[in-house]
Each structure stands twice: as structure tokens, then as C-alpha cells.
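For reference, the sequence and a predicted model appear below.
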Amino acid sequence: MDKVIIKDLLARGIIGVYDWERVRPQEILINIILYGDLSKAGATDDIEDSINYKTVAKGAQSLAENCERLTVEALANDIVEYCLETKGVVKAIVRVEKPGAVRFAKSVGVEIEREK
């Protein structure tokens, strides 16, 4: 199966369970792998035959910046559901991370995988 990869998409949104996390936006790092058949797009060289990664990236970024979730698990689930609604996507892996959330760690997060 073919893959479309969106790597290190940065968003700023409200996420977290503590009061201080609910006050101002934090950095959220998103990585997405979309699975589907890209053979037609390869043959036709037409974006309409492919998975439009720009549309998916903008949608994922918008979700992260506007949904104000408590947990990265919930945000990752929102994003993966959005990805699976995208034309041509049959499977998606979404990783959502909060850089600097834990002392001495570059980031913490979750990765989920879902199929239609």
C-alpha cells in the first residue's frame, strides 16, 4: 500500500488537563501517515487522483488549533477520524506530541492507527 507522509506539522492550540495549560496555546507537533492506492495519480500526474496532503495538513492543523482538547489522545483521535474521511485514505497513523511537556524529555505524545 502507498503512503503519503506529513512530517512535523506544527500547530499552536489549547491542550492539557491543568488550569495553566488552558490559558494560552501550546506547541503541538503532528505527524501523519496516510495509506491508499496512489497508482492512478502516478500514472495521470493529476492531484485529483491522489490524496491531497495540503488539504489534510490544513485540516489537522485547524483541529489542533481550535478544538481545545484535554488530552493528546482525544486530539489524535479527532485527527485520525478526519484523515479517514479524506478521499482515497484507507488507513491512517497519527502521532500527536507536546514538546517540552515533561522535564528532561524533548516531547511526549501518542500515536494511533486506524483503518476504514
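Thanks, I have the structure now.

quick one: Glu97 and Ile28 touch, right?
Yes. Assessed by CB atoms under 8 Å, Glu97 is found in contact with Ile28 at 7.3 Å. Yep, even glycine has a C-beta here, placed from its N, CA and C like the rest.

Overlap in contacts, these two.
Taking CB atoms under 8 Å, 6 or more residues apart in numbering as the criterion, Glu97 and Ile28 both touch Val72.

Who has more neighbours out of these two?
Neighbours per residue, other CB atoms under 10 Å: of Glu97 and Ile28, the larger number sits with Ile28, 26 against 21.

per-residue pLDDT, the more buried one?
Looking at Ile28, its pLDDT reads 98.

Name the next helix or strand downstream of whichever helix or strand it is part of, please.
Per DSSP states H and E, Ile28 falls inside strand 26-36. Using DSSP H and E, the helix or strand that directly follows strand 26-36 along the chain is helix 39-44.

Average pLDDT for that next one, rounded please.
97.
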